[in-house]
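# sequence plus predicted model, see below.
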Amino acid sequence: MKVPVRRVDKELPLPEYKTAGAAAMDCAMREDVEIPAKSVAMAPLNISLKPPEGHFVLLAARSSLHKRGLMMANGIGIGDEDFSGDNDEYHAALYNFTDVPVALKRGDRIVQMIVLPFDRVMWNEVASLGNPDRKGFGTTGL
C-alpha cells in the first residue's frame, strides 16, 4: 500500500521497518524533548500523512520505551483517516513515571506505527444477546 507522507524535517528518516519481519515502523522524534518527573509531554514525530480510505494509523510504544522511564500517556494513539492536513504532524504523548526528568534527543525512536484497515459499526440494538452471563472481567482465571 502506498501512503502519501510529508516530512517536516527532511534530514530525519521516514518511519521504517527495522527488520524483515517487523509488523510496525519505528518513528523518529523531530526535536529534543525533556519530560519533567511525573509529567506528560508531546514528542513530535516529524510526519503528516494521509491513510488510504478505510484505514487508520495506530501508534504504540516501542517495547524498550519503559527502559527510559516512559510510557505512552494515552496507551496508544489513533490517527484518523481525516487527520491528514499538511500541518497535522503526528505526536506521541509520553508520561515520565520516574522521579527525575527524562531527556529525549532528536532522532530517538520512541514509538512505532502501523497503518490498519477498519470497519464502521452499525448498531443493531436488541433486548437480549442470547448468551449466558460470565459474571465480570477475569472470569476464566489467571
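Nice, I can see it. Fair warning: this is a prediction, and the values are worked out from it, not measured in the lab.
# only C-alpha atoms from now on, for both contacts and neighbour counts.
Fine.
# my read: residue 23 touches residue 115, true?
No: with contact defined as CA atoms under 8 Å, residue 23 does not reach residue 115; the gap is 9.9 Å.
# ok, the spatially most central residue of the chain - contacts?
Closest residue to the average C-alpha location of the chain: residue 59 at 1.4 Å, with CA atoms, centre = their mean. Taking CA atoms under 8 Å, 6 or more residues apart in numbering, we find residue 59 in contact with 76, 77, 78, 79, 92, 111, 112, 113, 114.
# now those residues in JSON lines, with neighbour count?
Output for the contacts of residue 59, formatted as JSON lines (neighbours: other CA atoms under 10 Å):
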{"residue": "76", "neighbour count": "14"}
{"residue": "77", "neighbour count": "19"}
{"residue": "78", "neighbour count": "16"}
{"residue": "79", "neighbour count": "20"}
{"residue": "92", "neighbour count": "25"}
{"residue": "111", "neighbour count": "28"}
{"residue": "112", "neighbour count": "21"}
{"residue": "113", "neighbour count": "22"}
{"residue": "114", "neighbour count": "16"}
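# the residues you listed in strands, which ones?
77, 78, 79, 92, 111, 112, 113, 114 (DSSP state E).
# contact partners for the closest residue to residue 106 other than its chain neighbours?
In this structure, residue 106 finds its nearest non-sequential neighbour in residue 31, 4.3 Å apart by CA to CA, 6 or more residues apart in numbering. Residue 31 makes contacts with 43, 44, 105, 106, 107, as judged by CA under 8 Å, 6+ apart.
# mind redoing it with 10 Å?
9, 43, 44, 45, 46, 104, 105, 106, 107, 108 (CA atoms under 10 Å, 6 or more residues apart in numbering).
# helix, strand or coil: sort out residue 67 for me.
helix (DSSP: H, G, I helix; E, B strand; the rest coil).
# quick check: residue 1 touching residue 115?
Yes: between residue 1 and residue 115 a contact is recorded at 9.4 Å, counting by CA atoms under 10 Å.
# quickly list what's touching both of the two.
By CA under 10 Å, 6+ apart, residue 1 and residue 115 have these common neighbours: 51, 52.
# what about the two, which has more around it?
More crowded of residue 1 and residue 115, by other CA atoms under 10 Å: residue 115, with 19 against 5.
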